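Okay, here's the prediction I keep looking at, along with the sequence it came from:
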Amino acid sequence: YFQAPNDGVVDYEKDGIQMVSTEYLVDEKRALMLRGPMLGKVLKLFFEDTLWSEEIDYFLVDLPPGTGDVMMDLKNFSEDAKMVIVTTPQESAAHIAIKAGYAAKDLAQDVIGVIENMSYYEVNGEFHYIFGKDGGKQVADELLVELLAKLPITNYDKIICDETEMPGIIYLNLAKKISDLM
């Protein structure tokens, strides 16, 4: 449960997955704009002031690139944090992902693998590499970790993937790989 501003206690759980987001802190059409010290306060809110179930297996935190303050603050809440670096195939994105990976390693956080998102678009069995190719492999090779998955661009319009359809199969296999590495 999360104490949302002006709304009381709200239950953010779907299919047994609990979540909280900065999205819940602002009006729907507004951006949350915070400077470094405030980002740490948001982490405190999420880690310490949110009433999580006592049976949590994993706590996932999505960090956008360039969030060094958050990476450093995260260490205060989870000393054994494991990182999965996500990139897209472009060389410029891979370059930034490599920096994020080295930053995690500098903070003594294990980087367990790399995911390449938006890797390709498949049409009638033919793969189209719209954003380039192999940026994820470049990151994984540089950081000496496994490339865990290459996620395709899909037109799948469901929020939760069905595990019998291709997007669901891909994500389920990825989740199993990550779970095995934990």
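Nice, I can see it. Worth saying up front: this structure is predicted, and the values here are computed from it rather than measured. Numbering: from 1, shown residues only.

So which residue is smack in the middle of this protein?
residue 62 (3.7 Å; Cα atoms, centre = their mean).

In three-state terms, label that one for me.
coil (DSSP: H, G, I helix; E, B strand; the rest coil).

how close does it get to residue 115?
Distance from residue 62 to residue 115, counting by Cβ to Cβ, to the nearest Å: 12 Å. In this view, the C-beta of every residue, glycine as well, is placed from N, C-alpha and C.

Contacts only, for residue 59.
Shown in contact with residue 59 (Cβ atoms under 8 Å, 6 or more residues apart in numbering): 47, 52, 78.

residues contacting the last one?
The neighbourhood of residue 78, defined by Cβ under 8 Å, 6+ apart, consists of 47, 59.

what are the phi and psi values for it?
Taking degrees, to the nearest 10, you get phi -150, psi 100 for the backbone angles of residue 78.

follow-up on the earlier one: out of the contacts of residue 59, who's nearest residue 142?
Checking the contacts of residue 59 against residue 142 by Cβ to Cβ gives residue 78 as the nearest, at 24.6 Å.

Please enumerate the strands of this structure.
2-4, 8-10, 13-14, 17-18, 82-87, 110-116, 121-123, 126-128, 147-150 (DSSP state E).

Contacts for the fourth one next, please.
Residues outside strand 17-18 that contact it (Cβ under 8 Å, 6+ apart) are 12, 52-53, 56.

Quick one: mean pLDDT over it.
Averaging pLDDT along strand 17-18 yields 80.

same deal with the longest one?
This predicted structure assigns strand 110-116 an average pLDDT of 93.

The first one now?
Strand 2-4 shows a mean pLDDT of 48 in the predicted model.

Tell me which helix or strand in this structure has the weakest average pLDDT.
Least confident helix or strand, the chain: strand 8-10 with a mean of 44, by mean pLDDT, DSSP states H and E.

as a whole number, average confidence for stretch 56-67?
Stretch 56-67 comes out at a mean pLDDT of 74.

you'd agree residue 113 is up against residue 140?
Yes: when contacts are counted by Cβ atoms under 8 Å, residue 113 is listed as touching residue 140 (7.1 Å).

can you list residues touching both of those two?
Common neighbours of residue 113 and residue 140 (criterion: Cβ under 8 Å, 6+ apart): 146-147.

low pLDDT regions in the chain?
1-11, 65-67, 156-160 (pLDDT under 70).

Nearest to residue 180, out of the contacts of strand 17-18: which one, please.
For the contacts of strand 17-18, the nearest to residue 180 is residue 56 (18.6 Å; Cβ to Cβ).
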